[in-house]
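Asks: Let me see the structure of the following:
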Amino acid sequence: MDTTENTVVDTPPQILALGEPMVEFNQTGAGDGRLYLQGFGGDTSNFAIAAARQGARAGCIGALGDDANGRALRALWDREGVDHQGVRNDPQGYTAIYFVAHGANGHEFSFFRRGSAASRMRPSDLPRERIEAARMLHLSGITLAISDSACDTAFAGIEMARAAGVTVSFDTNLRRKLWALPRARALIREAISRCDICLPSQEDMLTLTGIDDADALVDHCLQLGARAVALKLGAAGALVADARQRHRIAPHPCKSVDATGAGDTFGGSFVARWLAGDELLAAGRYAAVAAALSTVGYGAVAPIPTAEATRQAMQRTQP
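Replies: Numbering: from 1, shown residues only. Okay, the predicted model is just below:
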């Protein structure tokens, strides 16, 4: 009789995203604006799902409440193939939620996150072995902003990664309502100085530095210490650069209805292709197309394209 047992091999994620996962309620425009579509969000979770849909092994680090929303997020990650062994249940916290309303001035967010499980993260919660086994650790300005303990956890994670030779990526994702601007400027500057890949938006960097020119913003990030910069320019595309090269990337044409999470899709797609071996320009072009495709439907997660959809769109627009 064959007594061989089937065993599950725990393959560590290539990319780990440290931050606050959230459940989303997005206004659809139906029912005189009273109907909302339940979905998922949280910038680092969006980032991990985008990377996974492009073929990378991705995972999340953070905390959830021991509640229905937390279980829904774990079920989502299971469907998406996103590792969540580094996400702990906090029985004293809750899973954060947010609402997205749409109007003439774009989308407006309302967050319910004070005291959330993720805001209660501490450096001692970090899964050191998983971080050291990864190829990249990703985090954002939101991770720094949601609480002092989450900020300490983020910088502790950066130091763990750097000590182990793990690449660090950082998205500014500035949210003014979360913290005072002087603190945001100081801590985001420090995070950029410790990252390898910086994924800022022009809008964020203008607020943080007063600099409007895209090339000058890229220079600023490189001078702080980032090895590569992928500056998101919204409807104008992107600008990617390192110490040796610089490329403007035109926006991919699409009919956008909701830009929620587009920057996260750009970042997750960019690092997925970077780790797959793409050169800077190729990774940037791919990420710009993926980000554009993520705006043609509602919600932060549902419209994120797969690798197949992204490549098909790239082929259709090639001259």
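
Asks: For the chain, which segments count as strands?
Replies: Here the chain has its strands, by DSSP state E, at 15-18, 22-27, 36-41, 58-65, 83-90, 96-103, 106-112, 136-140, 167-171, 197-198, 228-232, 238-242, 246-249.

Asks: can you tell me how far residue 115 sits from residue 78?
Replies: 27 Å (CB to CB, to the nearest Å). Every C-beta, even on glycine, is put in place using the N, C-alpha and C of the backbone.

Asks: And the pLDDT at the closest residue to residue 251 other than its chain neighbours?
Replies: Excluding the flanking residues, the one nearest residue 251 by CB to CB, 6 or more residues apart in numbering is residue 237, at 4.2 Å. The confidence metric pLDDT takes the value 92 at residue 237.

Asks: neighbours around residue 237, how many?
Replies: With neighbours defined by other CB atoms under 10 Å, the count for residue 237 comes to 20.

Asks: mind listing what it touches?
Replies: 248-251, 288 (CB atoms under 8 Å, 6 or more residues apart in numbering).

Asks: from the middle of its chain, how far away would the helix or strand of the chain with the lowest mean pLDDT be?
Replies: When the helices and strands of the chain are scored by mean pLDDT, DSSP states H and E, strand 106-112 comes last with a mean of 82. Chain-centre distance of strand 106-112: 17 Å, with CA atoms, centre = their mean, to the nearest Å.

Asks: repeat for stretch 225-239
Replies: That offset, for stretch 225-239, works out to 14 Å (CA atoms, centre = their mean).

Asks: what's the answer for stretch 306-313, then?
Replies: 19 Å.

Asks: Quick check: mean pLDDT of that stretch?
Replies: For stretch 306-313, the per-residue pLDDT averages 94.

Asks: repeat for stretch 152-159
Replies: Per-residue scores along stretch 152-159 average to 98.

Asks: Could you list the buried residues of it?
Replies: 153-158 (16 or more other CB atoms under 10 Å).

Asks: need those residues in a markdown table with distance to residue 228, can you?
Replies: Output for those, formatted as a markdown table (distance: CB to CB, whole Å):
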| residue | distance to residue 228 |
| --- | --- |
| 153 | 25 |
| 154 | 20 |
| 155 | 21 |
| 156 | 24 |
| 157 | 20 |
| 158 | 16 |
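
Asks: quick one: which of those residues is nearest residue 189?
Replies: The shortest approach to residue 189 among those belongs to residue 155, at 12.7 Å (CB to CB).
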